[in-house]
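Q: When you get a sec, could you give me coordinates for this:
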Amino acid sequence: MSKTTTDEASSSLESLFPNDQVVVVQEPIVADGLPYRAIKRAGDVVLSLSALTILALPMIAIALIVRGTSEGPAIYQQTRVGKSGKEFRVYKFRSMYNDAEKNGAQWAEGDDPRVTPFGRIMRVTRLDETPQFFNVLKGEMSLVGPRPERPEFCEEFEEKIIGWNYRTRVKPGLTGLAQVNGGYELIPQEKIILDMDYLEHRSVALDAKILLKTVKVVCTGQGAR
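A: Residues are numbered from 1 along each chain as shown. Sure thing, here's the model as predicted:
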């Protein structure tokens, strides 16, 4: 990564760290039993296939609207950090103008001028995230887990939060404990606490609870940006 890109990412994240305090995260003991992992993967595949089947026509309509209302592709691919630090391409419906990051990576702000009018609707309803069901099917993500961050941001977060990369001990999720308890409203120091709590206590019951709360968040638009 170039120094310019890192500097631009650093500048856009300054507001997320209200002080210069460095937080040290205790290494988690990850709940990772074989039966749980087998059930989790089976659930990921079945629920993702079901969601893609149900959402097939709406997703085609969304793609056509995105292409018809602003210049650029319907599907946007962005590099994220996955399990064990392995980078992958996450899929999203493009909710920003095509030149949104001409000045480098930036953290999404409330009322972000880079977001298109239709993009705002998608972000409130989380419809822009639905292509990530394909990431789940590919095994790059799970339905539930810490949200994957961009490499530029992870580098900056690791300087302020020692142990930030513990989040990559498991697959990142389409939704997660932090997302249903504040989402974008949380600063990284708050998010890491919830992520570590999830890693240590994850289970079929907790995943089901998070998925149900996600439905509520989607319906209310809570924490959207």
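
Q: buried sites along stretch 67-83?
A: Going by neighbour count (16 or more other C-beta atoms under 10 Å), the buried part of stretch 67-83 is 70, 74, 76, 80-83. The C-beta positions use only the backbone N, C-alpha and C, and glycine is treated the same way.

Q: So for stretch 170-185, what gets flagged as buried?
A: Under the neighbour-count criterion of 16+ other C-beta under 10 Å, stretch 170-185 has 170-184 buried.

Q: right, and out of these, which lies closest to L127?
A: L127 has its nearest neighbour among these in L174, at 12.7 Å by C-beta to C-beta.

Q: which SS class is that closest one?
A: strand (DSSP: H, G, I helix; E, B strand; the rest coil).

Q: Could you do Q78 as well?
A: Here Q78 is strand, with the state taken from three-state DSSP.

Q: which ones are touching it?
A: 89-90, 92, 150 (C-beta atoms under 8 Å, 6 or more residues apart in numbering).

Q: circling back: distance to M141, pLDDT and secondary structure added to the buried residues of stretch 67-83, as a markdown table?
A: Shown next, in a markdown table, are those (distance: C-beta to C-beta, whole Å; pLDDT from 0 to 100; DSSP: H, G, I helix; E, B strand; the rest coil):
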| residue | distance to M141 | pLDDT | secondary structure |
| --- | --- | --- | --- |
| S70 | 26 | 90 | coil |
| A74 | 20 | 95 | coil |
| Y76 | 16 | 91 | strand |
| R80 | 9 | 97 | strand |
| V81 | 12 | 97 | strand |
| G82 | 7 | 97 | coil |
| K83 | 9 | 97 | helix |
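
Q: if we can go back for a sec, list buried residues within the contacts of Q78.
A: Buried by 16+ other C-beta under 10 Å: 90, 92, 150, out of the contacts of Q78.

Q: distance of the closest residue to the first one other than its chain neighbours from E27?
A: Right, V90. The shortest distance from V90 to any non-neighbouring residue, by C-beta to C-beta, 6 or more residues apart in numbering, is to R80 (4.6 Å). From R80 over to E27 the distance is 23 Å, taken as C-beta to C-beta, to the nearest Å.
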